[in-house]
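# With the sequence up front, the predicted model follows.
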Amino acid sequence: GPHSSPSSHSFFPFHTPSTHTTHTTRSMAAQEVFELFDADADDKLSIEEFGRALRALGNAPTEKEVEELAAGRETISYNEFKSVLSSYTSPKDSSIKQELRESLSVFDRENSGNVPEAELRFVLSNMGEILSDTEVDQIIKDAPKNKDGEIPIESLLKMILSM
């Protein structure tokens, strides 16, 4: 009868079929993460909790970025959190963006937010698995440059990620 084969569920008491299909933090909904870090359940995150929640979703903002994203607010509501998430980064780009930003800031010696063209070329061609030489040439040609011929890092990141 129906009892001859044990149902597979009995072996996985903690996993309903829907939860064990994906095990990445990516699949954690903003809602879950928000609730997880909203320790006092007041539907607001402190700036510190906000930063942790962003990291839990696979982003890697610096302290300074977290403050910028918070835009002077003391606390972040769920809606604000969601809108920051949608504008901040899409998961597949965040590691590339992070890696690029880190490589570029190494060359940004004056902390001006700009990088000289030659050094940019060096950084980009060393990210070989991501960009081909042709793409590197194209980026450098299209990139906005300031009067010293340097390229603003943020505009560059936007450009590369929209490719």
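Looks like it arrived, so ask away.
# wait, isn't Thr75 in contact with Leu45?
Yes: taking Cβ atoms under 8 Å as the contact criterion, Thr75 and Leu45 are neighbours in contact, 6.4 Å apart. Using the backbone N, CA and C atoms, a C-beta is placed for each residue, glycine as well.
# These two: which has the busier surroundings?
Per other Cβ atoms under 10 Å, whichever of Thr75 and Leu45 has more neighbours is Leu45, with 26 against 15.
# Now name the helix or strand holding the more buried one.
Assessed by DSSP states H and E, Leu45 sits inside strand 44-46.
# Give me the residue ranges of this protein where confidence is low.
1-28, 88-97, 127-130, 161-163 (pLDDT under 70).
# repeat that with 50
In the prediction, the chain carries residues with pLDDT under 50 at positions 2, 6-27, 90-91.
# All the strands of it, in order from the start?
Counting by DSSP state E, one finds strands in the chain at the ranges 44-46, 75-77, 114-116, 150-152.
# what's the neighbour count on Asn106?
Actually, residue 106 is Val rather than Asn. Residues near Val106, counting by other Cβ under 10 Å: 11.
# Tell me who's in contact with Glu68.
Contact analysis of Glu68 by Cβ atoms under 8 Å, 6 or more residues apart in numbering lists nothing.
# just to revisit the earlier point, contacts for the strand holding Leu45 next, please.
For strand 44-46, the surrounding residues in contact (Cβ under 8 Å, 6+ apart) are 34, 37-38, 53, 74-77, 81.
# likewise stretch 107-115?
Here stretch 107-115 makes contact (Cβ under 8 Å, 6+ apart) with 104-105, 116, 119-120, 122-123, 146, 148, 150-154, 156.
# Give me the buried positions along that stretch.
The neighbour-count check on stretch 107-115 (16 or more other Cβ atoms under 10 Å) flags 107-108, 114-115 as buried.
# export the strands of the chain to CSV and tack on distance to Ile139?
Formatted as CSV, these follow (distance: least, Cβ to Cβ, whole Å):
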stretch, distance to Ile139
strand 44-46, 36
strand 75-77, 34
strand 114-116, 12
strand 150-152, 9
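# for the ones you listed, which one sits closest to Val136?
strand 150-152 (12.3 Å; Cβ to Cβ).
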